[in-house]
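Colleague: coordinates for the following, if possible.
(one chain, ligands or ions: 1)
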Amino acid sequence: MASDHENNGGFQAIQEYFQQKSCKSCLRHFRQEGIELLRQEPGVLVVRVTCQSCGHPLGVAIVGTTPRPPKCQPRHGEWTKADQSRLQAKPRINYDDVLEAHSFIQALESDWMKHLPATRR
Ligand SMILES: [Zn+2]
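Modeller: This is a model prediction of the structure:
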């Protein structure tokens, strides 16, 4: 499916993004091996970032890979009820993870989007 390809590109961009970030514990850059794809869905990637140097976990991030038109974009980090219950129903990621990711994404703000490849349509 075409969306798989887009998601893979998005994951690469996320890896590149986090490799530019430093661990707060040991101040070393995150490595590609520490960035783990937990779940992939159309337009959404769930990644877990762990420092490979000291083992300090940065957290879980739910990242949308499909840019939405600014008009209907929800406030950053906000999930609709449908999104929440959809994720709650999934195994392997519990609701605490979602909450953790929620604040994590807010901490990221939106500048990681700049690292995504430009969408040409
Ligand atoms: Zn570290």
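
Colleague: residue 41 versus residue 30, what's the distance?
Modeller: Between residue 30 and residue 41 the distance is 23 Å, computed by C-beta to C-beta, to the nearest Å. (Each C-beta comes from the backbone N, C-alpha and C, glycine too.)

Colleague: if you count surrounding residues, which of these two has more?
Modeller: Shown here are residue 30 and residue 41; by other C-beta atoms under 10 Å, residue 30 has more neighbours (22 against 14).

Colleague: now the more buried one. Nearest residue, chain neighbours left out?
Modeller: residue 18 (4.7 Å; C-beta to C-beta, 6 or more residues apart in numbering).

Colleague: then residue 38?
Modeller: Leaving aside its sequence neighbours, residue 38 sits nearest to residue 46 (C-beta to C-beta, 6+ apart; 4.4 Å).

Colleague: run through the residues that contact the one you found.
Modeller: For residue 46, the contacting residues are 37, 38, 39, 40, 60, 61, 62, 63, 93, 101, by C-beta atoms under 8 Å, 6 or more residues apart in numbering.

Colleague: what's the lowest-pLDDT member of these?
Modeller: Among the contacts of residue 46, residue 93 carries the lowest pLDDT, at 49.
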